[in-house]
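Student: Quick one: sequence and predicted model below, then my questions.
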Amino acid sequence: MKAYVFPGQGAQFTGMGKDLYDKSPLAKDLFEKANSILGFRITDLMFFGTEENLKQTKVTQPAIFLHSTILAAILGNNFKPDMVAGHSLGEFSALVANMALSFEAGLILVSKRAIAMQKACDKTPSTMAAIIGLDDRTVENVCASINEVVVPANYNSPGQIVISGSNEGIDKAIEILKEKGAKRALKLAVGGAFHSPLMEPARVELEEAIRSAVFSKPVCPVYQNVNARPSDNPEVIKTNLVSQLTSSVKWTQSIINMIGDGATEFTEVGPGCVLQSLIKKINKDIATESALF
């Protein structure tokens, strides 16, 4: 069975999507439609912007979403998923590619999500850190022991967890986790504590937009971040999307469940190959590839 996966924030690079724009009339049309919907030429920032431009959450999230969904669209009949999943932001890309959301509705939600998350970051100074070389339980216990907001945010692969929380809490956690034997424990260059309770203002702001958006039954199940389980029920998908902002991304668990349900090949749709690397760490024998146009 064929699984398609869609990357999240961090996969961006200058020049992303320009080859699609130049080679495909459909891609050009969708990019121009996105420029109109967003009210600024995001294509200029994607194709020619600086790394600093692309790091802005309000740019990064729609940029990655556009690259992924437009690539899936121009694959046409070559895009035949039996199941899909997306890492954080990538879940929105997966839902559009999977026909659960229209391109326009998905882009509007992603833009609103990015702005709401940026506002939450500005409200409370916070950050994230990558922890390498410890088991999940050890990291979870350390997070729970700290008298600050600190939680596991991304279960990326065995021995690789990203934690999220207040600046003080992350500093304390890094110190303790190094003492526990972490091979690496380093802060990430992000604007705030994504996938933590500190994103509650963004969750509240985004919930109304998600609830009012039109979702359809997808062509195949989507394995959602909050519970790593498949769903094709629009109302369940909406509820899980709302919860996603303040919940952990259960990526390791999602991939394990997808393989358990019959996935034999994973295709990454979007910029970079971060997800393929994570999947190989979860199961080195599984086949992975990038979607190519």
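Tutor: Great, that's in hand. Numbering: from 1, shown residues only.
Student: To which secondary structure element type does the most centrally placed residue in the chain belong?
Tutor: By CA atoms, centre = their mean, the chain has its centre lying nearest to residue 88, at 2.5 Å. Going by DSSP: H, G, I helix; E, B strand; the rest coil, the secondary structure assigned to residue 88 is coil.
Student: got the phi/psi numbers for it?
Tutor: Dihedral pair for residue 88: phi 60, psi -110, per degrees, to the nearest 10.
Student: Please enumerate the strands of the protein.
Tutor: 2-6, 83-86, 126-132, 150-157, 160-166, 184-187, 222-223, 230-231, 265-268, 287-290 (DSSP state E).
Student: Now do the second one: which elements does it pack against?
Tutor: Contacts of strand 83-86 with other secondary structure elements, assessed using 3 or more CB pairs under 8 Å, 6 or more residues apart in numbering; DSSP states H and E, are made with strand 2-6, helix 90-97, strand 222-223, helix 251-260. In this view, the C-beta of every residue, glycine as well, is placed from N, C-alpha and C.
Student: The residue nearest to residue 211 when sequence neighbours are not counted: how many residues sit nearby?
Tutor: Once flanking residues are discounted, residue 211 sits nearest to residue 238: 6.3 Å by CB to CB, 6 or more residues apart in numbering. Residue 238 is flanked by 18 other residues according to other CB atoms under 10 Å.
Student: Please apply the same query to residue 243.
Tutor: Using other CB under 10 Å: residue 243 sits among 15 other residues.
Student: Enumerate every residue touching the closest residue in space to it that isn't next to it in sequence.
Tutor: Using CB to CB, 6+ apart and skipping the chain neighbours, the partner closest in space to residue 243 is residue 226 (4.9 Å). Contact analysis of residue 226 by CB atoms under 8 Å, 6 or more residues apart in numbering lists 240, 243-244, 247-248, 250.
Student: what's the closest of the residues you listed to residue 41?
Tutor: Residue 41 lies nearest to residue 244 out of the contacts of residue 226, by CB to CB, at 28.7 Å.
Student: Run a quick neighbour tally on that closest one.
Tutor: Using other CB under 10 Å, residue 244 has 24 other residues around it.
Student: now swap in the one 3 residues further on and tell me
Tutor: By the other CB under 10 Å criterion, the neighbourhood of residue 247 contains 20 residues.
Student: Now do the residue nearest to it when sequence neighbours are not counted, the pLDDT please.
Tutor: In space, and not counting its chain neighbours, residue 247 is closest to residue 226: 4.6 Å by CB to CB, 6+ apart. Residue-level confidence at residue 226 comes out at 98, pLDDT.
Student: do you know how far residue 226 is from residue 51?
Tutor: Distance, residue 226 to residue 51, by CB to CB, to the nearest Å: 31 Å.
Student: same question, residue 266
Tutor: For residue 266, the distance to residue 51 - CB to CB - is 28 Å.
Student: For the two, work out which one has more neighbours and name it.
Tutor: Neighbours per residue, other CB under 10 Å: of residue 266 and residue 51, the larger number sits with residue 266, 24 against 9.
Student: how about the more buried one, what does it touch?
Tutor: 3-5, 255, 258, 275-276, 279, 286-289.
Student: Of those residues, just the buried ones, ChimeraX syntax please.
Tutor: In ChimeraX syntax, the buried subset of the contacts of residue 266 is picked out as below (16 or more other CB atoms under 10 Å):
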select :3,4,5,255,258,275,276,279,286,288
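Student: Would you pull up how far the lowest-mean-pLDDT helix or strand in the chain lies from the middle of the chain?
Tutor: The helix or strand with the lowest mean pLDDT-type score in the chain, counting by mean pLDDT, DSSP states H and E, is helix 51-55 (a mean of 86). Relative to the centre of its chain, helix 51-55 is centred 17 Å away, using CA atoms, centre = their mean, to the nearest Å.
Student: how's this protein carved up into domains?
Tutor: Structural domains assigned to the chain are 2-122+197-290, 125-187, following automatic domain parsing.
Student: mean confidence for the shortest one?
Tutor: This means domain 125-187. pLDDT averaged over domain 125-187 gives 96.
Student: follow-up on the earlier one: with pLDDT and distance to residue 203 as new columns, can the contacts of residue 226 be given to me in CSV?
Tutor: CSV is the format used below for the contacts of residue 226 (pLDDT from 0 to 100; distance: CB to CB, whole Å):
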residue, pLDDT, distance to residue 203
240, 97, 12
243, 97, 8
244, 96, 8
247, 97, 9
248, 98, 14
250, 98, 17
